[in-house]
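[1] what's the 3D shape of this:
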Amino acid sequence: MKTSTTVKMTTSTKILITLFFISFLGTSTINAQKVEVKGVVKGKTEEKAEPLNGVNIYLKDKSVYTSSNRKGEFTFPKTLNVGDVIYFSYLGYLKQKVTITKNSTNLTIVLKEDDNEMLGAVGTNKRFSSKRKGQ
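    Predicted coordinates for the structure are as follows:
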């Protein structure tokens, strides 16, 4: 025959167990991998890749950003978590995204030239005239 025993927990024991689990969960999020990201951004044209000055570098869905200097170098102003996504954009080049890993401490990003041509006005000899009344 099986006998069962019941254990009565006092309120203070329940509070201690709850605090233990909260502290355990809190330390697991505190120990999340943080990465300081820096690197160089280059632009690849048909001839060669050269450093780009003023590349916009920003964190997805956040208002944290920076830009590259004239040598193409950058240091992100905030330490990032593994899994964060940063974007690199520059006029005339395709936007590129990079997902941060634990090895993303020193990046070399090469942006590819965009094939889109700027649209311009078709050549015409017709003078512009305003369609507003009184002019």
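[2] From now on I want contacts and neighbour counts done on CA atoms only, so please keep to that.
    OK.
[3] Report pLDDT for the spatially most central residue of the chain.
    Nearest to the mean C-alpha position of the chain, by Cα atoms, centre = their mean, lies I86 at 1.9 Å. The model reports I86 with a pLDDT of 95.
[4] what bridges to it?
    L59, V98 (DSSP bridges).
[5] and the gap between it and D115?
    Separation of I86 from D115 (Cα to Cα, to the nearest Å) stands at 23 Å.
[6] Kindly report the same for F74.
    Distance from F74 to D115, by Cα to Cα: 26 Å.
[7] Compare the two (neighbour count), which wins?
    A side-by-side neighbour count of F74 and D115, using other Cα atoms under 10 Å, places F74 first with 22 against 9.
[8] roughly how far apart are that one and T108?
    Taken as Cα to Cα, the span from F74 to T108 is 10 Å.
[9] so what sits against both of those two?
    G39, V40, V41 (Cα atoms under 8 Å, 6 or more residues apart in numbering).
[10] So, low pLDDT: which residues of this structure?
    1-9, 16-32, 117-126, 128, 134-135 (pLDDT under 70).
[11] Tell me where it has helices.
    11-30 (DSSP state H).
[12] how close does the residue nearest to P51 when sequence neighbours are not counted sit to R127?
    Closest residue in space to P51, ignoring its immediate chain neighbours: K42 at 4.2 Å, by Cα to Cα, 6 or more residues apart in numbering. To R127, K42 is 43 Å away according to Cα to Cα.
[13] What residues does G54 make contact with?
    Residues in contact with G54 (Cα under 8 Å, 6+ apart) are S67, S68, N69, R70, G72, Y90.
[14] Now do the strands in this protein.
    Ranges of strands in the chain, per DSSP state E, are 34-35, 38-44, 49-51, 56-59, 65-67, 73-75, 80-81, 85-89, 96-99, 106-112.
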